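Enquirer: output the structure for:
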Amino acid sequence: MSPSIASATDRAAITWRTVARLTLMVLALLFLIVPHLLYRAVGRPSPMVMAFLNAVGWIAGLRIRTTGTRLRRDVLFVSNHVSWLDILALGGAARSAFVSKAEVKTTPVVGWLADQNSTIYVQREAKRDIHNQANSLRDALARGRPVTLFPEGTTGPGDGLLPFRASLFQAIIPTPPNLQVQPVLLDYGPEVNDIAWLDPESGLGNFKRLLARKRAIPLTIHYLDPLPDEAERDRKAINEAARIAIAGKIAATARPSAAPRHRL
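Expert: Below you'll find the model as predicted:
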């Protein structure tokens, strides 16, 4: 996407479809927030978070199907990252929490919503804080709930992978006895180039553009085989094994129209 197109997208008028979808999203939040806060008040996990993510995904146009067997607990999902829609998809369908960059926590509204889903924040450039970040992730995984890590560190093209950051896997070395690492491919099909959030488009621009779409957004979540024990000996081995698994599935589902794009 050229800078001129991205700029035009950011300035695009708000359509009636955008307004309708935003209105429904707000209504979903208002409908679910009271029972959610009641669950939180008594110290119980809130199913309203999953319900909200599923509802917002559907309102945004997501139509999800899955392949493979999803692990239910004691699992770290390792996934490619294409769009903000990924959070709605895996948070709703897989009931997953996420590892996210620290800036998300300070983003108005989005930060609060991320907190409700028990997001683990990492300051990826703060090497002095790696130990504390690793402990936060290990504590989250110890509670049994699925957690998703996007090792590309940013949104990518969807029809290919950016380099994985092996350092992000340090938190699970040594690997806890009950933990499994399951690679996941988020496959938006032939329209992936239109869905992906890529440089130089802004996050707001991508959000507005996708909400204004007339067509639904099909997404297939491929749950791949968990990594074997021998692949979990160190962070580099996990990184390489997960990347090979996801890249192999991309190749198996490749479409002739796929074209590489620039990263965000």
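
Enquirer: which ones are touching the nearest residue to Gly68 once chain neighbours are set aside?
Expert: Spatial nearest neighbour of Gly68, excluding adjacent residues (CB to CB, 6 or more residues apart in numbering): Tyr223 at 3.5 Å. Where you see a C-beta, it was placed from the backbone N, CA and C, and this is true even at glycine. Counting by CB atoms under 8 Å, 6 or more residues apart in numbering, Tyr223 makes contact with 66-71, 182, 184.

Enquirer: could I have the buried ones of the residues you listed as PyMOL selection syntax?
Expert: Buried members of these, defined by 16 or more other CB atoms under 10 Å, are picked up in PyMOL with:
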select buried, resi 70+71+182+184
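
Enquirer: and the contacts of Tyr223, which of them are in strands?
Expert: 66-67, 182, 184 (DSSP state E).

Enquirer: just the strands from the chain, written as ranges.
Expert: 62-67, 75-79, 97-101, 120-122, 147-149, 180-187, 217-223.

Enquirer: hey, least reliable of those strands by pLDDT?
Expert: Note on the strands of the chain: strand 120-122 shows the lowest mean pLDDT, a mean of 85.

Enquirer: pull the longest helix from this protein.
Expert: As assigned by DSSP state H, the longest helix anywhere in the chain is helix 16-41.

Enquirer: just to revisit the earlier point, with distance to Arg138 as new columns, can the strands of the chain be given to me in TSV?
Expert: Output for those, formatted as TSV (distance: least, CB to CB, whole Å):
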stretch	distance to Arg138
strand 62-67	28
strand 75-79	10
strand 97-101	12
strand 120-122	10
strand 147-149	10
strand 180-187	14
strand 217-223	23
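
Enquirer: re earlier: from the contacts of Tyr223, which single one is nearest Ala142?
Expert: Of all the contacts of Tyr223, the one sitting nearest Ala142 is Leu71; the distance, using CB to CB, is 15.7 Å.

Enquirer: tell me who's in contact with the closest one.
Expert: Contacts of Leu71 by CB under 8 Å, 6+ apart are 146, 180, 182, 223, 226.

Enquirer: picking up where we left off before, and the residue nearest to Gly68, how far from Pro177?
Expert: In this structure, Tyr223 and Pro177 are 22 Å apart, going by CB to CB, to the nearest Å.

Enquirer: do the same with Lys105
Expert: 31 Å.

Enquirer: so between the two, which is more surrounded?
Expert: Per other CB atoms under 10 Å, whichever of Lys105 and Pro177 has more neighbours is Lys105, with 14 against 6.

Enquirer: who are the contact partners of the more buried one?
Expert: Per CB under 8 Å, 6+ apart, neighbours of Lys105: 111, 114-115, 119, 121.

Enquirer: and Thr220, by the same measure?
Expert: By CB under 8 Å, 6+ apart, the contact list for Thr220 reads 64-67, 187, 189.
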